[in-house]
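J.: I'll drop the sequence and a predicted model, then ask my questions.
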Amino acid sequence: QVQLVESGGGLVQAGASLRLSCAASGRTFSSAVMGWFRQAPGKEREFVGCIRCSTTNTYYADSVKGRFTISGDGAKNTVYLQMNSLKPEDTAVYFCAARQWGVMVPTAPGAYDYWGQGTQVTVSS
């Protein structure tokens with residue numbers, strides 16, 4: 001069993017930056033794909049990006065490419081989502097997720113086995 005705990009959310013103004021953290025514990029695996037998703041009210045859960053995704057180290061949704069960066073600290077079993085130039089449309093609950101490594105880049109929520117509880121990010125205009 002893998003436990004994931006997100007932190008770092010908050011309320012910021014448009015143009016600001018935030019860094020989210022996802023700490024993994026339990027049965028962690030160094031080759032796990034770690035993904036970030038977000039879900040706004042009334043919308044489906046949306047893929048943001050992943051690290052250690054297949055043969056590509058990182059992969060991002062077009063909506064965040066160039067603004068968001070995912071990194072990891074293996075010693076701490078922690079993955080980070082650095083979000084820059086935030087926009088009001090980035091407002092959502094952000095989740096991290098994990099699954100074992102595979103050949104394809106997993107962008108669907110159903111492809112992940114473990115989820116955190118989420119952290120709220122609110123961007124005001």
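T.: Ah, there it is.
J.: Could you pull out the strands in the chain for me?
T.: Assigned by DSSP state E, the strands in the chain fall at 2-7, 10-13, 18-26, 33-39, 46-53, 56-60, 68-73, 78-83, 92-99, 114-115, 119-124.
J.: Can you tell me the strand partners of the third one and which way each runs?
T.: Think strand 18-26. In the sheet, strand 18-26 lines up against strand 2-7 (antiparallel), strand 78-83 (antiparallel) (DSSP bridges).
J.: Adding mean pLDDT, distance to Asp90 and mean neighbour count, write these out as TSV.
T.: C-beta here means a position set from N, CA and C on the backbone, and glycine is covered the same way. As requested, the strands paired with strand 18-26 are exported to TSV (pLDDT from 0 to 100; distance: least, Cβ to Cβ, whole Å; neighbours: other Cβ atoms under 10 Å):
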stretch	mean pLDDT	distance to Asp90	mean neighbour count
strand 2-7	94	15	18
strand 78-83	96	7	21
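J.: possible to save those as TSV with distance to Ser71?
T.: Listed next are the strands paired with strand 18-26 as TSV, based on distance: least, Cβ to Cβ, whole Å:
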stretch	distance to Ser71
strand 2-7	15
strand 78-83	5
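J.: for the lowest-mean-pLDDT helix or strand in the chain, packing partners?
T.: None of the helices or strands of the chain scores lower by mean pLDDT, DSSP states H and E than strand 56-60, at a mean of 91. Helices and strands touching strand 56-60, by 3 or more Cβ pairs under 8 Å, 6 or more residues apart in numbering; DSSP states H and E, are strand 46-53, strand 68-73.
J.: Point out the most buried one among those strands.
T.: strand 46-53 (a mean of 22; mean count of other Cβ atoms under 10 Å).
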